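Asker: coords please:
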Amino acid sequence: MNSRDSDVLILGAGVIGLSCAWYLLESGRSVTVIDQGRLGRGSSHGNCGTLTPSHAMPLAMPGVVGTALKWLLRADAPLRIKPRLDPGLMRWLASFVRLSNWEQFGRTTAIKAPFLTRSLELIAGLVESEQLDCEFRKSGTLHVYRDEKSLAAASWYLRVLSEVGIDVEALDGAQVEALEPALNPGVAGGFLNPGDAQLRPDRYVAELARRVRERGGQIEEDVAVESLLRERGRLSAIQTSRGTWRARDVVFALGAWSPLLGRTIGVRLPIQPGKGYSITYSRPDPCPRIPMTLREASVCVTAWSSGYRLGSTMEFAGYDSTLNPTRLNALRRAAALYLRDPEGAQTQEEWYGWRPMTPDDLPVIGRVPGIDNLCMATGHGMLGVSMSAMTGLLVSEILADQPTSLDCAPFSVTRFA
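Answerer: Residues are numbered from 1 along each chain as shown. Predicted structure coming up:
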């Protein structure tokens, strides 16, 4: 088998791995990225492509546990935990329940807000400076409610975002319908997040990969990592289906696969695969102008010049690899309730992907104690695209032993000890 040496070896060619590659190349390092499949085919591919500082709030919040229990037997629930005996999931859920309080909610929101805001600024700059053809647009996003009671229960939303410096505007039903004519009549109200943006995620990943290669980075696809060799406090070799790699530094950007490989070298990562779904269509008529979250159904709607997507939902079902029609139909039913023309004439793709969910909804970024040349860049939950550029910048600063642009202590792997 071949043996190859690399300066920095990045495991995972999704949006996080490629962002790390870009900023490491910018800092003067040479980079090889390897992936077990095709680049960007994981959760980077079929998400809704919104860049959302407005989503700084964590999934863990008061009331969400009760809602999940109420939905336990509903196969089409927006948040579903598939009943099964899984000790890892039970531990994760216990941590999640412990964190579902207002104090922790506020702390996490305050940590994520500047991270997301700065990452969006970096992505916008990168799209412009590198001329990335990915349908980027500073569109804002819209949260839409059809039920007065649900809208009233979300009164905290305006206060929480305002406290962390994120612009948000409360709108009544008439204002929402005037802003977005694609909606059915009967909207109760909503919130406009003018600082959010959108792009087409699969195209952004492809364009980022193009620029990484043009800058001299190597990207190797269809390379399965088979084992990691740990010697004298370092990863000394990475055995793969296409030979052995040795690297000065190794970056874990494996998304939902990170805990499976991490445990082989004694690194505990309490990450659960949170399965999301999407359906991509040709553009309907009328087509939404602003990316929307249909709040009662927890469904995201995004349109580009090249297509239109319904997505989201969260299913904790392990690494189940089936494309569940019940979950897809839930997207269609929600869209029909809210939108004048809920589906495009042509279905282009039905998709699922696993999001890497940590119980505190914060990523894992930084060096691993006891393994000097290993750096984590994983656990970004539902916000991998939104957090990607800031993650890449932080990883490049960490590997250069420079002061980091944000305090990385909240993202340390040691917080799970």
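Asker: got the CA coordinates for the lowest-mean-pLDDT helix or strand in the chain in PDB?
Answerer: In the chain, no helix or strand scores lower on mean pLDDT, DSSP states H and E than helix 64-70, which sits at a mean of 75. This file holds the C-alpha atoms of helix 64-70, laid out as PDB (Å, rounded to 0.1, in the frame of the first residue of the first chain):
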ATOM      1  CA  VAL A  64     -38.800  21.400  24.300                       C
ATOM      2  CA  VAL A  65     -38.500  18.100  26.300                       C
ATOM      3  CA  GLY A  66     -42.200  18.100  27.100                       C
ATOM      4  CA  THR A  67     -43.000  18.800  23.400                       C
ATOM      5  CA  ALA A  68     -40.700  15.900  22.300                       C
ATOM      6  CA  LEU A  69     -42.400  13.500  24.700                       C
ATOM      7  CA  LYS A  70     -45.800  14.600  23.500                       C
END
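Asker: Direction included, what does the helix or strand that it is followed by pair up with?
Answerer: Downstream of helix 64-70, the first helix or strand assigned by DSSP states H and E is strand 79-81. Each strand pairing with strand 79-81, determined using DSSP bridges, is listed with its direction: strand 307-316 (parallel).
Asker: which of the residues in the strand it pairs with are buried?
Answerer: Residues of strand 307-316 classed as buried: 307, 308, 309, 310, 311, 312, 313, 314, 315, 316 (neighbour count, 16 or more other CB atoms under 10 Å). C-beta coordinates here come from the backbone N, C-alpha and C atoms, glycine included.
Asker: Any figure for the gap between the closest residue to residue 236 other than its chain neighbours and residue 377?
Answerer: On the basis of CB to CB, 6 or more residues apart in numbering, the spatially nearest residue to residue 236 that is not a chain neighbour turns out to be residue 229, at 5.0 Å. Residue 229 sits 21 Å away from residue 377, taking CB to CB, to the nearest Å as the criterion.
Asker: Who are the packing partners of the least confident helix or strand of the chain?
Answerer: When contacts are defined as 3 or more CB pairs under 8 Å, 6 or more residues apart in numbering; DSSP states H and E, helix 64-70 sits against strand 79-81.
Asker: Contacts for the strand it packs on next, please.
Answerer: With contact meaning CB atoms under 8 Å, 6 or more residues apart in numbering, strand 79-81 is reached by 64, 67-68, 71-72, 74, 89, 93, 298, 313-317.
Asker: if we go to 6 Å?
Answerer: Where contact means CB atoms under 6 Å, 6 or more residues apart in numbering, the residues beyond strand 79-81 that reach it are 68, 314, 315, 316.
Asker: what does stretch 383-394 give?
Answerer: When contacts are defined by CB under 6 Å, 6+ apart, stretch 383-394 is touched by residues 15-16, 19-20, 22-23, 43, 51-52, 115-116, 118-119, 122-123, 201, 365, 377, 380, 404-405.
Asker: Now go through these and say which are in strands.
Answerer: Judged by DSSP state E, the subset of the contacts of stretch 383-394 located in strands is 51, 365, 377.
Asker: Quick check: beta-bridge partners of the last one?
Answerer: The bridge-partner assignment for residue 377, based on DSSP bridges, gives residue 365.
Asker: What score does it have for pLDDT?
Answerer: Residue 377 is assigned a pLDDT of 98 by the prediction.
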